[in-house]
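**Q** Generate a structure from the sequence data that follows.
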Amino acid sequence: MSGADGFPGFASRHIAVHGATIHARIGGDGPPLTLLHGYPQSHLMWRKVAPQLARHFTVVVPDLRGYGLSSAPASSRGEAYSKRVMADDIVSLMRNLGFPLFSLAGHDRGGRVAYRLALDYAKTVEKLAVLDITPTAEMWRGMDAGRAMKVYHWMFLAQPEPLPETLIAGAPRLYVDHTLASWTAKHALECFGEALPHYRAAFADPARVHAMCEDYRAGATLDREADEADFAAGKKIEAPLLALWGDAGIPAAGASPLDVWKAWANDVRGQVIAGGHFLPEESPEPTLQALMDFFT
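**A** Next comes the predicted model:
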């Protein structure tokens, strides 16, 4: 992949945080904006929109712990991969870079890290965008047969080790290709382009497969419990929130994502975008425009 792996003009940094080393691409000039990726990907999922955003912002594009080029700390029962821990990584990263206040956008698991960060570190977040998700607690509350079939991986990856790790190891490429294609509007891999070999490579690394499973083990326990506690206490996201979702994405089949987020945040706006789950790769132009309109 040319242009520093699709990020022309971006520097590559590895920064130590508590218990992990986080890799990030950093480029542009202006107010700080952090972009967080989801599963089963890496920071490369932002390659179609980050260079354009860098014309207006200082864009920081990390790999979450366990993903991409970041370290994959040992973990048991999801403890090292709760969204609270991963959010702390991002706050530490941004403070290290000199940004105590920043905006952020998160897709999929990165969206879950992003809204947890906004709940736990309200004074650090200027604006928040979440892409094709609803809160973890809401996902579990609404886990009917249709949703369970769509997001079967939530239950599969959360099973005790080494069951999912062992089964994925038997056919890693089949698993990741199926996962990616099945969540696109076209049920195809073409939108992933030159990033696809990088996504596949992670599934050949047992430590990273384990980290991804730990991410979902946390999602079924620690993350859900943190959400439920905040919801019961009436705690809401203070930062202005933009919700984007694909018309063929994961949340589209349930209640309106906009209505769902209004129960979790004080200032909510949003829109549907034509595409599947992977908006920055399937529908980069409308996704970029929506982010630009919101963050500027």
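**Q** and the most far-flung residue of the chain relative to its centre, how far is that from R208?
**A** Relative to the average C-alpha location in the chain, and by CA atoms, centre = their mean, no residue lies farther out than G170, which sits at 26.0 Å. Summarising the geometry, the distance separating G170 from R208, computed by CB to CB, to the nearest Å, is 16 Å. To be clear about C-beta, it is placed using only N, CA and C from the backbone, and glycine gets the same treatment.
**Q** Repeat that for L242.
**A** 30 Å.
**Q** What of L128?
**A** The spacing between L128 and R208, counted by CB to CB, is 27 Å.
**Q** Settle it for me: which of those two has more neighbours?
**A** Neighbour comparison, L128 and R208: the larger count goes to L128, with 26 against 19 (by other CB atoms under 10 Å).
**Q** hang on, isn't that one packed against L104?
**A** Yes: the pair L128 / L104 is scored as a contact, 6.1 Å apart, by CB atoms under 8 Å.
**Q** Quick check: neighbours shared by the two?
**A** A shared contact of L128 and L104, defined by CB atoms under 8 Å, 6 or more residues apart in numbering, is any residue touching both; here these are A114, A118.
**Q** Please pull out the lowest mean pLDDT helix or strand from this structure.
**A** Sorting the helices and strands of the chain by mean pLDDT, DSSP states H and E puts helix 2-6 at the bottom, at a mean of 59.
**Q** Run through the neighbouring helices and strands of the host helix or strand of K127.
**A** Taking DSSP states H and E as the definition, one finds K127 inside strand 125-131. Helices and strands touching strand 125-131, as assessed by 3 or more CB pairs under 8 Å, 6 or more residues apart in numbering; DSSP states H and E, comprise strand 102-107, helix 109-120, strand 241-246, helix 284-295.
**Q** how about these, which one is nearest M212?
**A** Of all the helices and strands packed on strand 125-131, helix 109-120 sits nearest to M212, with 8.8 Å by CB to CB.
**Q** Give the other helices and strands that that closest one contacts.
**A** The helices and strands touching helix 109-120, judged by 3+ CB pairs under 8 Å, 6+ apart, are strand 32-36, helix 83-96, strand 102-107, strand 125-131, helix 222-232.
**Q** can you tell me which of the ones you listed comes nearest to V60?
**A** Once those are compared by CB to CB, strand 32-36 is nearest, at 4.7 Å.
**Q** buried set for the following helix or strand past that closest one?
**A** If you walk from strand 32-36 toward the C-terminus, the next helix or strand you reach (DSSP H and E) is helix 50-53. Residues of helix 50-53 classed as buried by neighbour count (16 or more other CB atoms under 10 Å): A50, P51, Q52, L53.
**Q** repeat for stretch 179-195
**A** Of the residues in stretch 179-195, those scored as buried under the neighbour-count criterion (16+ other CB under 10 Å) are L180, A181, W183, T184, A185, C191, F192, A195.
**Q** Just flag the most distant two among those residues.
**A** A185 and A195 (17.6 Å).
**Q** V130 versus P280, what's the distance?
**A** 13 Å.
**Q** Please say which of the two ends up with more neighbours.
**A** For P280 versus V130, neighbours defined as other CB under 10 Å are more numerous around V130 (32 against 26).
**Q** Nearest residue to the more buried one in space, ignoring adjacent ones along the chain?
**A** Distances taken as CB to CB, 6 or more residues apart in numbering place G111 nearest to V130, at 4.1 Å, with adjacent residues excluded.
**Q** these two touch, right, the one you found and L128?
**A** No: using CB under 8 Å, G111 is not in contact with L128, being 9.1 Å away.
**Q** Now do the contacts for the residue nearest to W264 when sequence neighbours are not counted.
**A** With sequence-adjacent residues excluded and distances taken as CB to CB, 6+ apart, W264 is closest to P135, at 5.6 Å. Contact partners of P135, counting by CB under 8 Å, 6+ apart, are R112, Y115, D227, V260, W261, W264.
**Q** What's the mean pLDDT across stretch 167-186?
**A** Stretch 167-186 shows a mean pLDDT of 98.
**Q** ah, wrong one, I meant stretch 125-141
**A** Stretch 125-141 shows an average pLDDT of 97 in the prediction.
**Q** coming back round to it: if I look at the residue farthest from the centre of the chain, how far off is P162?
**A** Spatial separation of G170 from P162 under the definition CB to CB is 12 Å.
**Q** cool, and A255?
**A** Here the criterion is CB to CB. By it, A255 lies 36 Å from P162.
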